[in-house]
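1. here's my sequence, what's the structure:
(2 chains)
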Number of protein chains: 2
Amino acid sequence: MKILFTTMAVALLVATAFAADPIPADLRETALANFKALPSTTPAVANNPVTPEKISLGKALFLDPRVSASGVFSCNSCHNLATGGDDNLETSIGHGWQKGPRNAPTVLNAVFNNAQFWDGRAEDLKAQAKGPVQAGVEMANTPGQVVATLKSMPKYVEWFNAAFPGEADPVTFDDFAKAIEAFEATLVTPAPFDAFLNGDDAAMTSQQKQGLALFMDKGCSSCHAGINVGGEGYYPFGLIEKPSADVLPEKDKGRFAVTNTADDSYVFRVAPLRNVALTAPYFHSGKVWDLKQAVAIMGTTQLGEELTEEDVDLLVAFLNSLTGKVPEVAYPILPAETATTPRPVSRILGK
Amino acid sequence: MKILFTTMAVALLVATAFAADPIPADLRETALANFKALPSTTPAVANNPVTPEKISLGKALFLDPRVSASGVFSCNSCHNLATGGDDNLETSIGHGWQKGPRNAPTVLNAVFNNAQFWDGRAEDLKAQAKGPVQAGVEMANTPGQVVATLKSMPKYVEWFNAAFPGEADPVTFDDFAKAIEAFEATLVTPAPFDAFLNGDDAAMTSQQKQGLALFMDKGCSSCHAGINVGGEGYYPFGLIEKPSADVLPEKDKGRFAVTNTADDSYVFRVAPLRNVALTAPYFHSGKVWDLKQAVAIMGTTQLGEELTEEDVDLLVAFLNSLTGKVPEVAYPILPAETATTPRPVSRILGK
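-> Sure thing, here's the model as predicted:
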């Protein structure tokens, strides 16, 4: 009898412990008011109809290192589809072994961000695609050289003609960027979170669901909302409390460089959180390698709250439910160079 | 009547012109005495049974930049499956933007070479795979660090266990190399030349067949023979006449560095010629970008003969028939890093 009572008492204790973070009955409803599941088809993009020919060309361009001056870097070098759509480096290494100023964001689901880059300076992916190609510390190339490279290979000219029918001279830097945007629009990664939003209760663990509830309760979803769980608005990093100088280096004032408005000092586009478990290190500075630590920093800097270890664990559990399935990409066979293909240039200009 | 005779005379002239380089009736027979068609199945390799699990693991390792110290370079960076299995650079760019000493050879069909590297210093691909990982100017990593990196990711440990069943601790540098060798053994690219050897007369154009006949007549096949049209023996570069110093830089004595034998000065493993049309620039120095020029240089240096432009064109036509079909490779999704994964190191050691 004594043993029975003890067992019951323990059972009660366990039940109470689990009940500490109950899963709200209306969790899905609340979640759907904050977030949106990924679509089952490739999203449309503005002023750039996505066609199979454009996707196929864009894939080749995305994976072609010859669009960089040195012939070493492709888009995929820093936005690697095999490793969460980024490069797992603090900041990317580019032309001449120079380091980029900010952590490379993931290309996965980037099509859903309202603007591109940490400071939102590109309004869409076709505008974004033109940046790294020309950045001296990244690909260090020029539009003219990219076009000359592509035009030197008959197969590319053929592919551009197929992707942009009706254009007299489709091998342009604009169409180069449009093709890359079309391919990137296919990089959509449905996750357990989407299955849950779509009605599958079993898609997320109860810990993940508790984390989701907490994510909304604590106010994380005030900024990290929408289809990409972020990627939509702009907020100061250090809304309540300034992060340490290593995490938020003083000289990078974020969106201030774009708008030149004092209010935009240290303001960044809200980080989209899909696949965040795959994209360490974190923040624009890439200084934080541990997702738990990143969540704790968000607690203090954005919410003004020291999150408990239990809370951090639950939030990270929810974030893990955002890790999705990357579409299968067959590695392309790229057009062969010809006698007129510009030669790779590895020196740093001005040096 | 006059018109008829004139027509006949012209027809005769044309026939004579074509007959200038007749295709020998026994071309296939002669070719089969010098060369061998690629097999239709993945070749076996010594001391390393090739299994689907090993191939799959090897593919992941081949494409994983985290096996380099910096996290920037994978095997595929210099042996890019999208561009003929090499990097189309004079010599590869590696850790710290340092340049490698020799042109990166193609990984395609490399399994058929009798030895690996330009100087044949690795007896097989599993020995070869350990080189670039540790070379200071390439991946600049250490075996211990590679193993620590792989062991930090549970998915890799699982894959190694599946690939090397029965081994207590399969995540070793040896097994790393064996898995890569297994994957590389699948990189076999059947070409029109193989179809011709296998009996299909229509697989090669008549110009390509004339080129093949000339290739054997001139003596090219004395060295460039076997299944890989090269890759088997060792000969001095400059057998008859020394190439210019830019093509054959004086300080790189080739196989001499391996054997320390005076006879091996400027001796190199015969270059395998499959897919040579895709692998410019040419020679160990990577100084020649034009395949025609490379063929002409071979004529003077190895045969002691100034080849005519017509001969060079025919030989290049034959070489084009060696461009094969690369097997389709689905780009892998790599294991995610964990808290214990060693961080990328981009600095140059000693600096």
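
2. around chain B, which positions in the stretch 1-150 of chain A sit nearby?
-> Counting by CB under 8 Å from any CB of the partner chain, the residues of the stretch 1-150 of chain A close to chain B are A:63-66, A:70-72, A:77, A:80-84, A:87-90, A:93, A:96-97, A:99. Quick note: C-beta positions are derived from backbone N, CA and C, even for glycine.

3. how about the strands in the stretch 1-150 of chain A?
-> Assignment of strands within the stretch 1-150 of chain A using DSSP state E, counting those that start in this stretch yields no ranges at all.

4. which one of the residues in it is closest to chain B?
-> In the stretch 1-150 of chain A, the residue that lies nearest chain B is A:Trp97 (3.8 Å; CB to the nearest CB).

5. about what we covered before: among the residues of the stretch 1-150 of chain A next to chain B, which ones are buried?
-> A:63-66, A:70-72, A:77, A:80-84, A:87-90, A:93, A:96-97 (16 or more other CB atoms under 10 Å in any protein chain shown).

6. of these, which belong to helices?
-> In helices, defined here by DSSP state H, the members of those are A:Ser77.

7. and the residue of the stretch 101-250 of chain A closest to chain B?
-> Of all residues in the stretch 101-250 of chain A, A:Thr189 sits closest to chain B, at 10.1 Å by CB to the nearest CB.

8. residues contacting A:Lys253?
-> Contact partners of A:Lys253, counting by CB atoms under 8 Å, 6 or more residues apart in numbering or on different chains, are A:Asp264, A:Ser265, A:Tyr266.

9. how close does the first one get to A:Glu241?
-> If I follow you right, that is A:Asp264. Distance, A:Asp264 to A:Glu241, using CB to CB, to the nearest Å: 19 Å.

10. compare those two (neighbour count), which wins?
-> Higher neighbour count among A:Asp264 and A:Glu241: A:Asp264, with 18 against 13, using other CB atoms under 10 Å in any protein chain shown.

11. per-residue confidence for the more buried one?
-> Predicted confidence (pLDDT) for A:Asp264: 95.

12. how about the contacts made by it?
-> A:Tyr234, A:Lys253, A:Gly254, A:Arg255, A:Phe256, A:Val258.

13. if we use 7 Å, what do you get?
-> A:Asp264 is in contact with A:Gly254, A:Arg255, A:Phe256, counting by CB atoms under 7 Å, 6 or more residues apart in numbering or on different chains.

14. list the contacts for the residue positioned nearest the centre of chain A?
-> Centroid check for chain A by CA atoms, centre = their mean gives A:Thr106 as the closest residue, at 3.0 Å. Going by CB under 7 Å, 6+ apart, A:Thr106 touches A:His79, A:Gly84, A:Gly85, A:Asp86, A:Asn275, A:Thr279.

15. among those, give me the pair with the biggest separation.
-> Greatest spacing in these, by CB to CB: A:His79 and A:Asn275 (11.9 Å).

16. name the residues contacting each of those two.
-> Counting by CB under 7 Å, 6+ apart, the residues touching both A:His79 and A:Asn275 are A:Gly85, A:Thr106.

17. quick one, helices of the stretch 1-150 of chain A?
-> For the stretch 1-150 of chain A, helices defined by DSSP state H, counting those that start in this stretch occupy the ranges A:2-19, A:27-34, A:52-62, A:75-78, A:125-128, A:130-134, A:143-151.

18. remind me what the last one packs against, helices and strands.
-> Yep, that's helix A:143-151 we're talking about. helix A:173-185 (3 or more CB pairs under 7 Å, 6 or more residues apart in numbering or on different chains; DSSP states H and E).

19. go again using 8 Å as the cut-off
-> Counting contacts by 3 or more CB pairs under 8 Å, 6 or more residues apart in numbering or on different chains; DSSP states H and E, helix A:143-151 is packed against helix A:130-134, helix A:154-163, helix A:173-185.

20. how about the ones you listed, which one is nearest B:Arg28?
-> helix A:154-163 (30.6 Å).

21. average model confidence for that closest one?
-> 98.

22. now that helix against helix A:52-62, angle please.
-> With axes from the mean of the first three to the mean of the last three CA atoms, to 10 degrees applied, the angle from helix A:154-163 to helix A:52-62 works out at 140 degrees.

23. so what secondary structure elements neighbour helix A:154-163?
-> helix A:52-62, helix A:143-151, helix A:173-185.

24. any idea which of the ones you listed is most buried?
-> For the helices and strands packed on helix A:154-163, the largest average neighbour count (mean count of other CB atoms under 10 Å in any protein chain shown) is found in helix A:173-185, namely a mean of 24.

25. could you confirm whether it reaches chain B?
-> No. Taking CB under 8 Å from any CB as the criterion, helix A:173-185 and chain B are apart, separated by no less than 12.6 Å.

26. against which helices or strands is that helix packed?
-> Under the contact definition 3+ CB pairs under 8 Å, 6+ apart, helix A:173-185 sits against helix A:52-62, helix A:125-128, helix A:143-151, helix A:154-163.

27. dump those into TSV; add distance to A:Ile297 as well.
-> Below are the helices and strands packed on helix A:173-185 laid out as TSV (distance: least, CB to CB, whole Å):
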stretch	distance to A:Ile297
helix A:52-62	32
helix A:125-128	26
helix A:143-151	39
helix A:154-163	43
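
28. who wins for proximity to B:Met153 among the ones you listed?
-> helix A:52-62 (25.3 Å).

29. between the closest one and helix A:173-185, how many degrees?
-> Using the same axes, to 10 degrees: helix A:52-62 against helix A:173-185 is 100 degrees.

30. now do helix A:52-62: which elements does it pack against?
-> helix A:75-78, helix A:154-163, helix A:173-185.

31. outside of that helix, which residues touch it?
-> A:42, A:48, A:67, A:74-76, A:156, A:159-160, A:162-164, A:176, A:178-186, A:329, A:332, A:334-335.

32. burial check on the residue in the stretch 151-300 of chain A that chain B sits nearest to, number of neighbours?
-> Residue of the stretch 151-300 of chain A nearest chain B, by CB to the nearest CB: A:Leu278 (5.1 Å). Neighbour count for A:Leu278, taken as other CB under 10 Å: 25.

33. grab the nearest non-local neighbour of it.
-> A:Gly84 (2.9 Å; CB to CB, 6 or more residues apart in numbering or on different chains).

34. for A:Ala148, same thing?
-> A:Pro342 (5.5 Å).

35. and the gap between the one you found and chain B?
-> 11 Å (CB to the nearest CB, to the nearest Å).

36. does that residue really touch A:Met153, like I thought?
-> No. A:Pro342 is not in contact with A:Met153 according to CB atoms under 8 Å; the separation is 11.0 Å.

37. okay, the two: which has more neighbours?
-> Neighbour totals were compared for A:Pro342 and A:Met153, and A:Met153 leads with 20 against 16 (other CB under 10 Å).

38. might one say that that one is in contact with B:Thr83?
-> No. A:Met153 lies out of contact with B:Thr83 (CB under 8 Å); the separation is 10.9 Å.

39. joint contacts of those two?
-> Taking CB under 8 Å, 6+ apart as the criterion, A:Met153 and B:Thr83 both touch A:Ala336.

40. quick one: mean pLDDT for the helix or strand hosting A:Gln293?
-> Element membership of A:Gln293 [criterion: DSSP states H and E] is helix A:291-298. The predicted model assigns helix A:291-298 a mean pLDDT of 98.

41. chain center to that helix: distance?
-> Relative to its chain's centre, helix A:291-298 lies at 17 Å (CA atoms, centre = their mean, to the nearest Å).

42. and the contacts of that helix?
-> A:220, A:243, A:247, A:276-277, A:280, A:282-283, A:288, A:306-307, A:312-313, A:315-316, A:319.
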